[in-house]
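[1] with the sequence up front, the predicted model follows.
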Amino acid sequence: KPAPPPLRVAGLWWLGSWLFVIIVTLLTGPLRPGAFVQVVTHPQFAAESLVGLLAAALIAAWAFEDSIPGARRSGLLRVGLIAAAVWLVAYVAGLQFPALEPSMAGKRADCVLQTLLFAGPPVVAGIWLTHRYYLPLAPLRSTALVGLAGAMLPALFMQFACMYDPAHILSYHILPIPGVVLVGVIGAALARRAFRRR
């Protein structure tokens, strides 16, 4: 049976992952008061959020396309990684020029743990989908990119669910992302080794 188009699978994974992240975030606590109003009234905050959203979407699309030899479009990954770098730099610059007035409003005591845990199911689902329907020639690269895209989702939504302070965002929302990617890659490598031995 032919595998479904990778971009269609990526889109379904993207929507399902966002639905999961939003639901579990709301179940574990309220959003920061006035967070969505701030998107409309503060263009810099809106730009930060949109750039991060675009970066995660492009990286996810390329990761799924990368599962099929010859199907990937290198421009997707290039633009996605540039957007991810801009997203990161925006918060580094925000240490001096924050998009919003830094505040403790909406602070979640366990936001770093929630960012890690909420990324888990989307990343696992993405890895399973890319290996279930396709046979990636570079499985660790594919896994790393799926992990990066999946881990960015809760980090992005925490900008609305938790306090806004660039130093806090970098330390508690963005810093866990490399850890999620590393765990995903190690897990995929061990699973692949066990599969080959069997």
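    Yep, that arrived.
[2] what about stretch 28-45, distance to the chain center?
    19 Å (C-alpha atoms, centre = their mean, to the nearest Å).
[3] output that stretch as CSV, restricted to C-alpha atoms.
    This file holds the C-alpha atoms of stretch 28-45, laid out as CSV (Å, rounded to 0.1, in the frame of the first residue of the first chain):
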residue,chain,number,x,y,z
THR,A,28,-2.7,22.0,34.3
GLY,A,29,-3.5,25.6,34.8
PRO,A,30,-4.9,28.8,33.3
LEU,A,31,-3.2,31.0,30.7
ARG,A,32,-1.5,34.2,31.7
PRO,A,33,-4.2,36.9,32.1
GLY,A,34,-4.5,39.0,29.0
ALA,A,35,-1.9,36.9,27.0
PHE,A,36,-3.9,36.9,23.8
VAL,A,37,-4.7,40.6,24.1
GLN,A,38,-1.0,41.3,24.3
VAL,A,39,-0.5,39.6,20.9
VAL,A,40,-2.8,42.2,19.3
THR,A,41,-1.5,45.2,21.2
HIS,A,42,2.3,44.4,21.1
PRO,A,43,3.6,43.8,17.6
GLN,A,44,7.0,42.6,18.9
PHE,A,45,5.4,39.9,21.0
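[4] show me what counts as buried in it.
    Arg32, Ala35, Gln38, Val39, His42, Phe45 (16 or more other C-beta atoms under 10 Å). Placement of C-beta: from N, CA and C, glycine included.
[5] for the last one, phi and psi?
    Phe45 adopts backbone torsions of phi -70, psi -40, taken as degrees, to the nearest 10.
[6] mind checking the SS state of the residue nearest to it when sequence neighbours are not counted?
    Counting by C-beta to C-beta, 6 or more residues apart in numbering, Ala99 is the residue found nearest to Phe45 once chain neighbours are left out, at 4.0 Å. Assigned state for Ala99: coil (three-state reduction, DSSP: H, G, I helix; E, B strand; the rest coil).
[7] quick one: neighbours of Ala99, just the number.
    Neighbour count for Ala99, taken as other C-beta atoms under 10 Å: 21.
[8] hmm, who's touching the helix or strand encompassing Leu88?
    Here Leu88 sits within helix 74-94, counting by DSSP states H and E. Here helix 74-94 makes contact (C-beta atoms under 8 Å, 6 or more residues apart in numbering) with 47-48, 51-52, 54-59, 61-62, 65-66, 99, 145, 148, 152, 166, 169-170, 174.
[9] buried ones only from those, please, as a PyMOL command.
    In PyMOL, a selection of the buried entries from the contacts of helix 74-94 looks like this (16+ other C-beta under 10 Å):
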select buried, resi 48+51+52+54+55+56+57+58+59+61+62+65+66+99+145+148+152+166+169+174
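[10] contact partners for Phe64?
    Applying C-beta under 8 Å, 6+ apart, one finds that Phe64 lies in contact with Pro6, Leu7, Val9, Ala10, Trp13, Gly126, Leu129, Thr130, Val146.
[11] check which helix or strand covers the residue nearest the centre of the chain.
    Nearest residue to the geometric centre of the chain (C-alpha atoms, centre = their mean): Met152, 2.1 Å. Remark: Met152 resides in helix 139-161, with elements defined by DSSP H and E.
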